[in-house]
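In: structure for the following, please:
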Amino acid sequence: MEKNIDEAQNWYTKAAEQGYDDAKEGLERLESASSDSSDKSTQEKQSSGKLSNEEIVERARKKSGAPLAELDGIDPNGTLNIHLYEDAGDHTATWDWYYINPDTLTEHNVVGEVIDLN
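Out: Residues are numbered from 1 along each chain as shown. So this is what the prediction gives:
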């Protein structure tokens, strides 16, 4: 997972240097999340017995075969929106989007195919 964070951080840094405001915000969020993620995921797993969001994102990355994955957001109903992609140098190439219920570890991808991370 650290490799994915490092690669995403490199991408955000390059985009931020080119003046993309969204990338600057993304870099700040990524840096904040990466500094807290190991403590949070251990606490979440110990307290609830459920997988942490970070662990769900990693399962999604492995299932899809994508080189990179990130939690792009959480819907009001709790569904995780996971972006699966690769860094193609001058742009990000999206492989898929997974929408996962963190309680059941199932839902669908962007074209409606059933995804099961169990």
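In: tell me where the chain has helices.
Out: Under the criterion DSSP state H, the chain contains helices at 2-17, 21-48, 53-64.
In: lowest average pLDDT across those?
Out: Set side by side, these differ in mean pLDDT, and helix 21-48 is lowest with a mean of 53.
In: residues in contact with stretch 81-101?
Out: Here stretch 81-101 makes contact (CB atoms under 8 Å, 6 or more residues apart in numbering) with 7, 10-11, 56-57, 60-61, 64-75, 78-80, 106-110, 115, 117. Where you see a C-beta, it was placed from the backbone N, CA and C, and this is true even at glycine.
In: let's see 7 Å
Out: 7, 11, 56-57, 60-61, 64, 66-75, 79-80, 107-110, 115, 117 (CB atoms under 7 Å, 6 or more residues apart in numbering).
In: from memory residue 105 sits against residue 117, does it?
Out: Yes - if you go by CB atoms under 7 Å, residue 105 and residue 117 touch, sitting 4.2 Å apart.
In: more crowded one of these two?
Out: Higher neighbour count among residue 105 and residue 117: residue 117, with 21 against 18, using other CB atoms under 10 Å.
In: show me what contacts that one?
Out: So residue 117 contacts 56, 59, 60, 63, 100, 105 (CB under 7 Å, 6+ apart).
In: try it again with 10 Å
Out: 51, 55-60, 62-63, 82, 98, 100-102, 104-107 (CB atoms under 10 Å, 6 or more residues apart in numbering).
In: strand partners (parallel or antiparallel) of the strand ranked longest in the chain?
Out: Counting residues, the longest strand found in the chain (DSSP state E) is strand 92-101. Strand 92-101 has these partner strands in its sheet, going by DSSP bridges: strand 80-87 (antiparallel), strand 106-109 (antiparallel).
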